[in-house]
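[1] The following comprises the amino acid sequence and a computationally predicted model.
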Amino acid sequence: MKTGLDRLRREMLPGRCIGLLSHYAAVDSQYRLSVDVLAGMDGIELTTLFGPQHGFNGETQDNMIEWDGYTHPDYGIPVHSLYGNTREPTSEMLEGLDCLVVDLQDVGSRYYTYVYTMGYCMRKCHELGIPVIILDRPNPLGNSIIEGKPLLPGYESFVGLYPIPVRHALTIGELARLFARFDSIPEPMVIEMTGWDGQGISDEYAWVYPSPNIPSPDTALVYTGMCLLEATNLSEGRGTTRPFNVFGAPWINGKELCSRLNGTIWMEGAVLRPHAFLPTFNKHTGVMCYGAEIHVIDRSCFRSLRMALGILLETFRYSQTRWNPPPYEYEFERMPVDILTGSSEVREAVKARKKSVLIEFAEGDSAGHTELTRGVLLYNREFRR
């Protein structure tokens, strides 16, 4: 299998002065960083770098923990932070560029902010007449299964700028083409992958974890649903070695919780095991939490979003469980759970204990997604929920 970076050649790049939006997880098949590949390419001058949330080197944690730009220690060029004073590149940052190359590893869920950094860059580059080239990479969740409803108008944020499902089954190149359509701008050039079977991340793929709490493709799989716990006072496992795979709080009875959920529709394809953990940072630092560890036993029928909604329904039986108030990812008015889920439907259904509403929300609309993405797909498949 070859990624867009593996297939990039000098003749594909218009002009000489090149900018790069990327991070430490963007490597070629020999684990060479995209910045090193472009810097070593004859006939071009890499003049500017841009980094998304978590920093160019993946050094910062979650939710509004910003980082500052700096001068690259090896190449002496500016590294601009697009998760600090601004999340959109300025005209000054892009000045003098003949082209902007984008190479980012996405994780397949609507909430993950890297693709919106790409979207903001595409908008600004269109305004300035700078062409954009996307180097495509595999979606670690595969390219066929979708989960969740698209977000509704009025709920746009940095964890969801466009009306796509929670689990969208698109590559970053396909997302770029779709975002261009939403924004009524020309599609960027995408350097496609070859040899990808659409099944996620294979053993031959050079995987580098894209952010501090997504250490593996298996974590990306459960993140689709378990990210919703960020909107609560429950620990989603940050501060442990198993983020998003373990969860809980000091007031949860793990054995009781597992008994209520295991064997139900929520847990199809997975089981919960009672678990206790001591977070070293983030929520409940240094306080013993009780809850569960997730074990996926059948990926073909496991649906992380459905599971997480069942977990929320059960954990809100405890009077201490609360929805977190804003701010969250630069949204200062709407509830964090609402911008993550794209409406108030989930929050209201959990409060009213409407199981059927939550199950319906978790199920993706494969026919609708097929229609939405018509003309932007780069790889053949059929969507299913």
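    In hand now; what should we look at?
[2] Spell out which residues make up each domain of this protein.
    4-212+368-372, 217-363 (automatic domain parsing).
[3] Which one, of the ones you listed, ends up nearest to E382?
    The minimum distance between E382 and these falls on domain 4-212+368-372, with 6.5 Å, by Cβ to Cβ. No exception for glycine: its C-beta is placed from N, CA and C like everyone else's.
[4] start to end distance for the closest one?
    End-to-end span of domain 4-212+368-372 (Cα to Cα, to the nearest Å): 24 Å.
[5] Need the pLDDT of the closest residue in space to V357 that isn't next to it in sequence.
    Excluding the flanking residues, the one nearest V357 by Cβ to Cβ, 6 or more residues apart in numbering is A349, at 4.0 Å. In this model, A349 is scored at 98, pLDDT.
[6] Then the one 5 residues further on?
    K354 is assigned a predicted lDDT (pLDDT) of 98.
[7] Over to G364?
    In this model, G364 carries a pLDDT of 88.
[8] Let me know the average pLDDT across stretch 28-41.
    pLDDT averaged over stretch 28-41 gives 97.
[9] Use 25 as the first number for this chain going forward.
    All right, first residue 25 from here; so that's stretch 52-65.
[10] In that stretch, which residues are buried?
    Residues of stretch 52-65 classed as buried: D52, L57, S58, V59, V61, L62, A63 (neighbour count, 16 or more other Cβ atoms under 10 Å).
[11] give me the low-pLDDT residue ranges for the stretch 275-409 of the chain?
    Applying pLDDT under 70 to the stretch 275-409 of the chain flags no residue at all.
[12] Do a quick rundown of the helices in it.
    For the stretch 275-409 of the chain, the helices defined by DSSP state H, counting those that start in this stretch cover 278-285, 328-339, 360-365, 369-376, 379-386, 390-396.
[13] out of those, nearest to N109?
    helix 360-365 (21.6 Å).
[14] Report all helices and strands that the closest one contacts.
    In this structure, helix 360-365 packs against helix 369-376, with contacts taken as 3 or more Cβ pairs under 8 Å, 6 or more residues apart in numbering; DSSP states H and E.
[15] Let me see the ranges of the strands in the chain.
    Remark: strands assigned in the chain by DSSP state E are 41-46, 69-75, 94-95, 102-105, 123-127, 156-159, 213-215, 270-273, 294-301, 313-320.
[16] Please dump those into a markdown table; it should also carry distance to M359 and mean neighbour count for every row.
    Formatted as a markdown table, those follow (distance: least, Cβ to Cβ, whole Å; neighbours: other Cβ atoms under 10 Å):
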| stretch | distance to M359 | mean neighbour count |
| --- | --- | --- |
| strand 41-46 | 30 | 25 |
| strand 69-75 | 29 | 22 |
| strand 94-95 | 35 | 12 |
| strand 102-105 | 27 | 20 |
| strand 123-127 | 31 | 26 |
| strand 156-159 | 33 | 26 |
| strand 213-215 | 35 | 19 |
| strand 270-273 | 19 | 26 |
| strand 294-301 | 26 | 18 |
| strand 313-320 | 22 | 20 |
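[17] who's V125 bridged to?
    L44, I157 (DSSP bridges).
[18] Who are the contact partners of it?
    The contact partners of V125, by Cβ atoms under 8 Å, 6 or more residues apart in numbering, come to L32, L37, I42, G43, L44, L45, S46, S58, L62, V156, I157, L159.
[19] Does the fourth one touch I68 like I think?
    No - taking contacts as Cβ atoms under 8 Å, G43 lies outside contact range of I68: 10.8 Å.
[20] For F74, give me its contacts.
    Contacts of F74 by Cβ under 8 Å, 6+ apart are G43, L44, L45, S46, V103, H104, L106, P113, M117, L124, T141, C145.
[21] from those, which is closest to W290?
    Out of the contacts of F74, the member with the shortest distance to W290 (by Cβ to Cβ) is T141, at 33.0 Å.
[22] Spatially, which residue comes closest to that closest one, not counting chain neighbours?
    Closest to T141 by Cβ to Cβ, 6+ apart is P76, at 4.3 Å.
[23] quick one: contacts for that neighbour?
    Going by Cβ under 8 Å, 6+ apart, P76 touches L45, H47, L106, Y107, L128, T137, Y138, T141.
[24] Equivalent analysis for H299, please.
    V270, G272, G278, Y314, G315, A316, E317.
[25] ok, so what distance separates the nearest residue to it once chain neighbours are set aside from T248?
    Excluding the flanking residues, the one nearest H299 by Cβ to Cβ, 6+ apart is E317, at 4.2 Å. When Cβ to Cβ, to the nearest Å is the yardstick, E317 and T248 sit 17 Å from each other.
[26] related to what we said a few turns ago, farthest-separated two in the contacts of H299?
    Pairwise distances across those (Cβ to Cβ) peak at 11.5 Å, for the pair Y314 and E317.
[27] Return the residues in contact with L258.
    F271, G272, A273, I276, K307, G315, T339, T345.
[28] same thing with R134?
    G172, L175, V183, G184, I188, P189, V190, R191, H192, G366.
[29] Only whichever of those residues are buried, select them in ChimeraX.
    This is how ChimeraX selects the buried members of the contacts of R134, with burial counted by 16+ other Cβ under 10 Å:
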select :172,175,183,184,188,189,190,191,192,366
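[30] Now flag whichever of the contacts of R134 is closest to E211.
    I188 (16.2 Å).
[31] In a markdown table: the buried residues of stretch 52-65, plus distance to N257.
    A markdown table is the format used below for the buried residues of stretch 52-65 (distance: Cβ to Cβ, whole Å):
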| residue | distance to N257 |
| --- | --- |
| D52 | 42 |
| L57 | 38 |
| S58 | 38 |
| V59 | 39 |
| V61 | 43 |
| L62 | 44 |
| A63 | 45 |
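[32] For stretch 223-232, buried residues please.
    G224, I225, Y229, A230, W231.
[33] Out of the residues you listed, flag the one nearest to L402.
    Using Cβ to Cβ, those come closest to L402 at G224, 16.2 Å.
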